Structure formats: structure tokens, C-alpha cells
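Asks: Need the 3D shape of this:
(one chain, ligands or ions: 1)
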Amino acid sequence: MEAMELVLLGPPGAGKGTQADHLAAHFGVPHISTGAIFRQNLADRTPLGLEARRYMEAGQLVPDEVTIGMVAARLQEPDARAGFILDGFPRNVAQAEALDRMLARSGVGLTAALLLEADRDLVMARLTGRRVCERCGATYHVEYHPPKVAGVCDVCGGPLVQRPDDRPETVARRLDVYEQETRPVVDYYRRRGLLVTVPAEGAENEVTRRIIAALHHRELEA
Ligand code: AMP
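Replies: You can find the predicted model right below:
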């Protein structure tokens, strides 16, 4: 397969982060998650992290001036030359247009925009039950993917916590923001013939297989 420049779309809780990890390993390209970059900056208490914090905790989007510059810098790094899996960006049409300009400058075109489709009940259940390891970032779910010992990471023994933005009231806000701001991005890519839609329900590896098959199918048709 040619270089893989992929954008992952879908509501929070659709499994973008998990699937992006699998796809990055499969295609040998970096997984670039704007949410993870913000969280890392917050943990390191950088000015960027402190700026992003109040938006993240309120379930709002960090302003485009901050986010777009951050992604542009990340895409310039050498490992992104072979391609990338973008997870959590673009989140609105202005970001999608900015991404097009960045890629045009380096003569790259997106391979596809992959939409992980999930209904509101599924993502509410996935997000409010999600727990992450404070030390290594591994993700669990109290019901669908519990750790061997409650509250303790299987990988590193670190404590499992709930992300502040996974509390039910913030989740509801994030889903509203998705509908208002990110849904138009789905149409943006559909109009450009780049949209590939895959249902997000089911087991993790089953969804990965579905995505790879859909991308392969698209490549054969092209
Ligand atoms: P995520 O892990 O992708 O759900 O992102 C967590 C939070 O980081 C979001 O709720 C936003 O506050 C912020 N964030 C992540 N990506 C973006 C983006 N592309 N634009 C603006 N804010 C973002």
C-alpha cells in the first residue's frame, strides 16, 4: 500500500484512539492525537498545556490558533514523512481547511477520512466507564475491558483514574460540541470523495479488521 495519510473522525468514545494505535502499528506511521498532545503538555505544565486546560476541562475546543500551529509543527517532524494517523484533528471546518493547506504545501494528499460511526448511548457508556492509567496512559473500561485488579494498571501497576472530561456532564457537552462543530467536517470530506464510514460497535480487533478491509477496498476501487 502507498503512503498512509489518514484522518480519523467520529464522536468522542467511538474508539478513535484505540483504533489509531492499531492502524499506526499496521501501517508503520505515527499516531498523532491532539488530545494526547494537550494532555502531555498539561502533565508537563507547559504554557500550552496550561492554556488548553480550561477548555479541556469544560469539554470545549481549544482555540484554533493554538491547535492548528501545534499540528503543523508535529507534521513537520521526520517520522510524519511516511504518513500519519491523525486522531482528534480536524475538529471543525476551519481546522480541516488549515490541514488541506498544510498538506498542499508539502505536496501530500489525504488517503482517506475514516468515520467511526457510533450512536450516543454507546459512546456515553464507553466514555463514562473509561479509566486510564495515570502513569503509562493505558486505557481500560470498568465493564468492557476491566483490569485484572480493580483500579490498578495491568501493564505498569499504576493507579487507574477517570479523565476529568469523562464525567457524565462533560461527556454530554463534548457530544454536543461534536454534533455542532465536527459533524460538518464529515460532510466536508464526503463532498471531496474522501469519506470512508465504518461502524464502531463490536470488539476492538473486529473494528480494526473492518477498517483495514474498507481502506483496502477503497484502494482497489480507486
Ligand atoms: P480527545 O482526547 O481527542 O477527546 O481530546 C480531549 C480534549 O482536547 C477535547 O475535548 C478538546 O478540549 C481538546 N482537543 C483535542 N483535539 C482538539 C482539536 N483538534 N481542536 C480543539 N481542541 C481539541
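
Asks: May I have the secondary structure class of residue 143?
Replies: The three-state label given to residue 143 by DSSP: H, G, I helix; E, B strand; the rest coil is coil.

Asks: What about it, how many residues nearby?
Replies: 9 (other CB atoms under 10 Å). Using the backbone N, CA and C atoms, a C-beta is placed for each residue, glycine as well.

Asks: shouldn't it be in contact with residue 131?
Replies: No. Judged on CB atoms under 8 Å, residue 143 makes no contact with residue 131 at a distance of 10.6 Å.

Asks: Spit out the contact partners of the residue lying closest to residue 143 once chain neighbours are set aside.
Replies: Nearest in space to residue 143, with sequence neighbours left out and distances taken as CB to CB, 6 or more residues apart in numbering, is residue 129 at 5.3 Å. Shown in contact with residue 129 (CB atoms under 8 Å, 6 or more residues apart in numbering): 141, 142, 143, 144.

Asks: how about a cut-off of 7 Å?
Replies: By CB atoms under 7 Å, 6 or more residues apart in numbering, the contact list for residue 129 reads 141, 142, 143.

Asks: any idea which of those is closest to the ligand?
Replies: Within those, the smallest distance to the ligand is 15.4 Å, found for residue 141 (CB to the nearest ligand atom).

Asks: That closest one: how many residues sit nearby?
Replies: Neighbours around residue 141, by other CB under 10 Å: 15.

Asks: who does it bridge with?
Replies: residue 130, residue 145 (DSSP bridges).

Asks: my guess is it contacts residue 130, does it?
Replies: Yes. The pair residue 141 and residue 130 passes the contact test of CB atoms under 7 Å, sitting 5.7 Å apart.

Asks: And the residue nearest to the spatial centre of the chain, how far from the ligand?
Replies: The chain has residue 87 as the residue nearest its centroid, 2.9 Å off, counting by CA atoms, centre = their mean. Here the criterion is CB to the nearest ligand atom, to the nearest Å. By it, residue 87 lies 7 Å from the ligand.

Asks: Need the three-state assignment for residue 86.
Replies: With three-state DSSP as the criterion, residue 86 reads strand.

Asks: Determine the three-state secondary structure at the residue nearest to residue 182 when sequence neighbours are not counted.
Replies: In this structure, residue 182 finds its nearest non-sequential neighbour in residue 91, 5.2 Å apart by CB to CB, 6+ apart. Assigned by three-state DSSP, the conformation of residue 91 is coil.
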